[in-house]
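**Q** Structure, please.
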Amino acid sequence: MVIANIIAYILVLTGALNWGLFGLWDVNLVSMVFEGPSNVGAIIVYSLIALSAIWLIISPMITNGMLKLQGNREARKTREA
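**A** Take a look at the predicted model:
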């Protein structure tokens, strides 16, 4: 679950950066990379960003209010011993 949270966090930050660039300078980074906003690659990236945002909303509900971005250090210590 930690890896899913990190990937989702990176994708949501990418989406926020894209919106910031679009709002400030009318530059759509995703459509520039995939040569158009209606290209299959751009649609997949937009969909992954949206699913990542939904995951980051739901994930704390699953883990009792915590968004885990690191593994449990206590569990690692007991496994190593």
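
**Q** so what's Ile49 up against?
**A** By CB atoms under 8 Å, 6 or more residues apart in numbering, the contact set of Ile49 is 11-12, 14-15. Quick note: C-beta positions are derived from backbone N, CA and C, even for glycine.

**Q** So it, which state does it fall into?
**A** Assigned with DSSP: H, G, I helix; E, B strand; the rest coil, Ile49 falls in the helix class.

**Q** what's the spacing between Ile10 and Asn28?
**A** As judged by CB to CB, to the nearest Å, Ile10 and Asn28 stand 19 Å apart.

**Q** In terms of neighbours, single out the busier of those two.
**A** Counted by other CB atoms under 10 Å, Ile10 and Asn28 do not tie: Asn28 has more neighbours, with 16 against 11.

**Q** so the closest residue to the more buried one other than its chain neighbours is in which element?
**A** Leaving aside its chain neighbours, Asn28 sits nearest to Phe22 (5.2 Å; criterion: CB to CB, 6 or more residues apart in numbering). According to DSSP states H and E, Phe22 maps onto helix 2-25.

**Q** contacts for that helix?
**A** In contact with helix 2-25 (CB under 8 Å, 6+ apart) are residues 27-30, 46, 48-50, 52-53, 55-56, 59, 67-71.

**Q** let's go with 7 Å and repeat that
**A** For helix 2-25, the external contacting residues (CB atoms under 7 Å, 6 or more residues apart in numbering) are 27-30, 48-49, 52-53, 55-56, 59, 67-71.

**Q** and Ser52, how many residues sit next to it?
**A** As a burial measure, Ser52 scores 21 neighbours (other CB under 10 Å).

**Q** ok, now Met32?
**A** 13.

**Q** Roughly how far does Phe22 sit from Pro60?
**A** Distance from Phe22 to Pro60, by CB to CB: 28 Å.

**Q** neighbours of the residue nearest to Asn28, just the number please.
**A** Applying other CB under 10 Å, we find 14 residues neighbouring Phe22.
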